[in-house]
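S.K.: Just to be clear, the model below is a prediction. Sequence and coordinates:
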Amino acid sequence: MNSGADKEKQGELTSENQTIVEEKIVKVTGDIQIRKYIKGRLLGKGGFAKCYEFTCVDSKRISAAKVVVKSSLVKSRAKQKLISEIKIHKALHNTNIVGFEHYFEDTDNVYILLEMCTNQSMNELIKRRKTLTEIEVQCYTIQLIKALKYLHSHRIIHRDLKLGNLFLTDKMELKVGDFGLATKLEFEGERKRTVCGTPNYIAPEILDGKCGHSYEVDIWSLGVIIYTLIIGKPPFETQDVKTTYKRIKMNSYTFPERAVISDAAKSLITEILTTDPSKRPNLDGMIASDFFALGTSIPKLLPTSTLACPPSLSYIRQFMPDAGPNGIVQRQSTTNRMGETKDSLSNKVMTDRDKSKGPFLSNNQQTTNSARPDTVENTGTGRPLTTNYMSNNLGIFLK
Ligand code: ADP
């Protein structure tokens, strides 16, 4: 079967076998200017778009171009998704959000030019790395919280936060992308009713549907993301969507017994993954949690070597001087004779067998590592789900 995307036309071929895509710009004077782009390699495929490297022939600027075939937009829901995505994304300007450059269309396609994120998404990162160390999770989570603070302060709920929508630039900055399911509240306190999200990351109040949902659905997904990065697979993942939904509604998930995870991380995840949305911490509450106070500071950006390998223990200890050989800081509350509570450090001691696996590959991690990381967001539960699109109008052909 040919999908709309398969019917995408190739544009004009040059003598060097390069495909050129032309953007027609109508000036205020009525004159027409043609801007040319060289269509480069395929960066990835999404639900309804293919993303290519586009180089502007004049400026040499490289962008990521989401190419959506117009024939795939015959259904009004798909059209509305694209209209809404463009309308919301083009108004966003934040370091931790994928930059929206501009969009244009030709006879066959709509092109959305975005800031290029050369280091792919965190989905690819977790497939390569299996699990991340807590210092890395801190660094990425802080950036994600910054993006969410910006979005929520503009009354925008992303509603599809997942590893595949978190991109990494050449400098290793985290950028939130894909605003296809995002929504802007008309007023504070408004409740949204559209059932949408990606099964593994979807909040229970969306599935329940009784009281609508708001910003807290993004906080829930953030909890799922933190769990997935540390443990190596999403907390509610099962072989079929229905069972995943059942587990989400029953709040049924566990921390694998031998997982390498600090109590502070467990407690933050547990607080976030609370069924009642009003009981989840807000973004400032998350920043103030013990998880972000395990060391003396958090790296602003991580070295590119961490795309393939965990950071060294000496790197980790620059930020977390108390990190044990397994790279985590474990604090245990003990009560002294005066009845005062005092934190003491109790890091697990690495066995010789663990040592032979390198600084962070303890038996524990091996167990979690083998937990089918390549199925993260790649099973039947990895596809976004949407119903009931609201309509709005933009001035592009989609009118
Ligand atoms: P869809 O909205 O159809 O799901 P996505 O926004 O997820 O499409 O994009 C599809 C794929 O394109 C992504 O999985 C990723 O591999 C790639 N991609 C998207 N945006 C960028 C970007 N800004 N930089 C680099 N690659 C990107």
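M.R.: Yes, it's here.
S.K.: ok, stretch 197-213 near the ligand or not?
M.R.: No. Interface with the ligand: stretch 197-213 contributes nothing (CB under 6 Å from any ligand atom), its closest point being 9.9 Å away. Placement of C-beta: from N, CA and C, glycine included.
S.K.: Repeat that for stretch 141-158.
M.R.: No. Applying CB under 6 Å from any ligand atom, one finds stretch 141-158 separated from the ligand by no less than 12.3 Å.
S.K.: who's in contact with H93?
M.R.: By CB atoms under 8 Å, 6 or more residues apart in numbering, the contact set of H93 is G99.
S.K.: could you measure it against the ligand, distance?
M.R.: For H93, the distance to the ligand equals 15 Å [CB to the nearest ligand atom, to the nearest Å].
S.K.: That residue - that's part of a helix, no?
M.R.: No. Checked against DSSP: H, G, I helix; E, B strand; the rest coil, H93 lies outside a helix; its state is coil.
S.K.: Enumerate the residues of the stretch 151-300 of the chain near the ligand.
M.R.: Residues of the stretch 151-300 of the chain lying near the ligand (CB under 6 Å from any ligand atom): G164, F167, G177, D178, G180.
S.K.: in the stretch 151-300 of the chain, which spans are strands?
M.R.: Along the stretch 151-300 of the chain, the segments classed as strands by DSSP state E, counting those that start in this stretch run 156-157, 166-168, 174-176, 183-184, 196-197.
S.K.: Mind putting those strands into a markdown table with mean neighbour count and mean pLDDT?
M.R.: Below are the strands of the stretch 151-300 of the chain laid out as a markdown table (neighbours: other CB atoms under 10 Å; pLDDT from 0 to 100):
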| stretch | mean neighbour count | mean pLDDT |
| --- | --- | --- |
| strand 156-157 | 22 | 98 |
| strand 166-168 | 25 | 98 |
| strand 174-176 | 24 | 98 |
| strand 183-184 | 18 | 96 |
| strand 196-197 | 23 | 84 |
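S.K.: For the closest residue to T131 other than its chain neighbours, grab the count of nearby residues.
M.R.: In this structure, T131 finds its nearest non-sequential neighbour in G232, 4.4 Å apart by CB to CB, 6 or more residues apart in numbering. Neighbours of G232 under the rule other CB atoms under 10 Å: 23.
S.K.: and the most centrally placed residue in the chain, what does it touch?
M.R.: Taking CA atoms, centre = their mean, the centroid of the chain lies closest to L166, which sits 3.1 Å from it. Residues near L166 by CB under 8 Å, 6+ apart: S121, M122, Y140, L144, L174, K175, V176, G177, I225.
S.K.: follow-up on the earlier one: just to check, the residue nearest to T131 is in contact with K127?
M.R.: No. Look at G232 against K127 with CB atoms under 8 Å: they stay out of range, at 10.2 Å.
S.K.: Would you confirm that Q33 contacts E22?
M.R.: No. Applying CB under 8 Å as the test, Q33 and E22 come out as separate, 10.4 Å apart.
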